[in-house]
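Novice: starting from these lines, generate the structure:
(one chain, ligands or ions: 2)
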Amino acid sequence: MKVEAVTIRELRMPLKHFFETSFGRSEGRRVLLVTAHCEGVEGWAECVAGDGPFFSYEWIETAWATIRDFLAPALIGKSFARAKDTPALMSRVRGHNMAKAAVENALWDADARTKQQPLWKLLGGTLKEIACGVSIGIQNSHEHLLKKIETELAAGYQRIKVKVKPGWDVEVLAKIRQRWPKILLSCDANSAYRPTDLDHLRKFDNFNLLMIEQPLWDDDIFQHSKLQKELKTSICLDESIRQARDAEAAIALGACRIINIKVGRLGGFTEAIAVHDLCRKHSIPVWCGGMLETGIGRAHNIALSTLPNFRLPGDVSASKRYWIEDIVEPEIEVSPPGTIAVQDTPGTGYEIKRHLIEKLTVRTETIRGSAASV
Ligand code: OSB
Ligand code: MG
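Specialist: Numbers count the residues shown, from 1 in each chain. Ligands and ions are numbered 1, 2, ... in the order given. Below is the predicted model:
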């Protein structure tokens, strides 16, 4: 299949409700979509880079420029037999994983559509139903948070994850546990703590948490390995795992007992599968993280979550939790036992809502090649 052109576009989409983590509050998203044009077939993917360089150094403007000036030109005019052969074509660019993932995943999408195969099967998936959890941000009050948890539990979600930071942690966890002693509960610090907070972090052991996600620096493995030895609670690494080699180091050092797989953070499906396979070999369970995706990224997360070592509920929740109207149809829905079933239909099983995408687009550019080449 030959890559003829790549279109990038930016959409502005307000969130139904603000989403707050230890690094800040978002009221909406600037969504970067990539369309790969391959001999009459279009592949679509979403770039999960944020509005600012807060989760990682990448943000929408670096992703836009990196795709336009380097990644798309490296691919245009090239042919490939399988999408997994394409990361090699982009490997001259260091880092910029979220930009790379958007391009690579658009090619997987095109590959699945061309071969008339379900994307999940092309990725090597085996599970026909995936388990869903929710991630709940920091709220204006404890009462607001408890109310949200109540709503999500009633919808059937199998695991509740709450965002924590100094000042919004042990007291909040104690209240949740008091009310729901048995639910599957975890927390995510997004790098809000330091090793000097050890005595404070030990208190998290009182709440029978499934895990604490990314307590220390976003690029650290070694300090997490020291912390894991001091805590009963399992550490799950998110930000620190940017490639399979990081997972290998984290497992060898005992820096975590669980790994969160985010396809954007890992630079695309190929590396995400490599992390999955490595963790499986070492009996480390994985789960699929989320980045407040629209239905396009969400559908890709669902497909990836069918791989056999996705043994814990992921942050893969319904479109309506975030969006007034999603840009795919049908919208992504979660059934009452907290699951999403995958279908045998070709591609992702979700269609692009072109009119709505056009309406929400604030800028677009098509790269046709012959300009800069890598
Ligand atoms: O760390 O998992 C995270 C959202 C933005 C940035 C980082 C994270 C998150 C989430 C949201 O937790 C999960 C979701 O998309 O539902
Ligand atoms: Mg996280």
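Novice: chain neighbours aside, what residue packs nearest to the residue in the stretch 201-350 of the chain that ligand 1 sits nearest to?
Specialist: Going by C-beta to the nearest ligand atom, ligand 1 is nearest to residue 290 of the stretch 201-350 of the chain, at 2.4 Å. C-beta coordinates here come from the backbone N, C-alpha and C atoms, glycine included. Nearest in space to residue 290, with sequence neighbours left out and distances taken as C-beta to C-beta, 6 or more residues apart in numbering, is residue 315 at 3.6 Å.
Novice: what of residue 197?
Specialist: Closest residue in space to residue 197, ignoring its immediate chain neighbours: residue 166 at 7.5 Å, by C-beta to C-beta, 6+ apart.
Novice: what's the one you found sitting at in phi/psi?
Specialist: phi -50, psi 130 (degrees, to the nearest 10).
Novice: so, low pLDDT: which residues of the stretch 251-374 of the chain?
Specialist: Counting by pLDDT under 70, the stretch 251-374 of the chain shows low-confidence ranges at 370-374.
Novice: quick one: the strands in it?
Specialist: Per DSSP state E, counting those that start in this stretch, the stretch 251-374 of the chain has strands spanning 258-261, 286-288, 328-329, 339-341, 351-352, 361-367. These are given in chain order.
Novice: re earlier: residues touching the residue of the stretch 201-350 of the chain closest to ligand 1, list them.
Specialist: With contact taken as C-beta atoms under 8 Å, 6 or more residues apart in numbering, residue 290 is in contact with 135, 262, 298, 301, 314, 315, 316, 317.
Novice: do you know how far it is from residue 55?
Specialist: Here the criterion is C-beta to C-beta, to the nearest Å. By it, residue 290 lies 12 Å from residue 55.
Novice: and residue 124, by the same measure?
Specialist: In this structure, residue 124 and residue 55 are 27 Å apart, going by C-beta to C-beta.
Novice: ditto for residue 144
Specialist: If you measure residue 144 against residue 55 using C-beta to C-beta, the figure is 23 Å.
Novice: with neighbour numbers in mind, choose between those two.
Specialist: When neighbours are counted by other C-beta atoms under 10 Å, residue 144 and residue 55 differ, and residue 55 comes out ahead with 23 against 13.
Novice: list the contacts for the residue of the stretch 51-200 of the chain found nearest ligand 1?
Specialist: Residue nearest to ligand 1 within the stretch 51-200 of the chain (C-beta to the nearest ligand atom): residue 135, separated by 3.5 Å. Residues counted as contacts of residue 135 (C-beta under 8 Å, 6+ apart) are 161, 162, 163, 188, 290, 315, 317.
Novice: partners of the third one in the sheet?
Specialist: Read it as residue 163. On DSSP bridges, the residues paired with residue 163 through beta bridges are residue 188.
Novice: so it sits against residue 138, correct?
Specialist: Yes - under the criterion of C-beta atoms under 8 Å, residue 163 is in contact with residue 138, at a separation of 5.1 Å.
Novice: farthest pair within the contacts of residue 290?
Specialist: Comparing all pairs in those by C-beta to C-beta, the longest separation belongs to 262 and 317, at 14.6 Å.
Novice: so for those two, which sits in the more crowded spot?
Specialist: residue 262 (27 against 24).
Novice: ok, the residue lying closest to that one once chain neighbours are set aside - contacts?
Specialist: Spatial nearest neighbour of residue 262, excluding adjacent residues (C-beta to C-beta, 6+ apart): residue 289 at 4.0 Å. Going by C-beta under 8 Å, 6+ apart, residue 289 touches 238, 260, 261, 262, 265, 314, 315.
Novice: tell me how many other residues surround the third one.
Specialist: Other residues within reach of residue 261 by the criterion other C-beta under 10 Å amount to 26.
Novice: now do the fifth one
Specialist: Residue 265: 25 surrounding residues under other C-beta under 10 Å.
Novice: who touches it in this structure?
Specialist: Applying C-beta under 8 Å, 6+ apart, we find residue 265 in contact with 48, 56, 97, 98, 101, 238, 239, 241, 242, 289.
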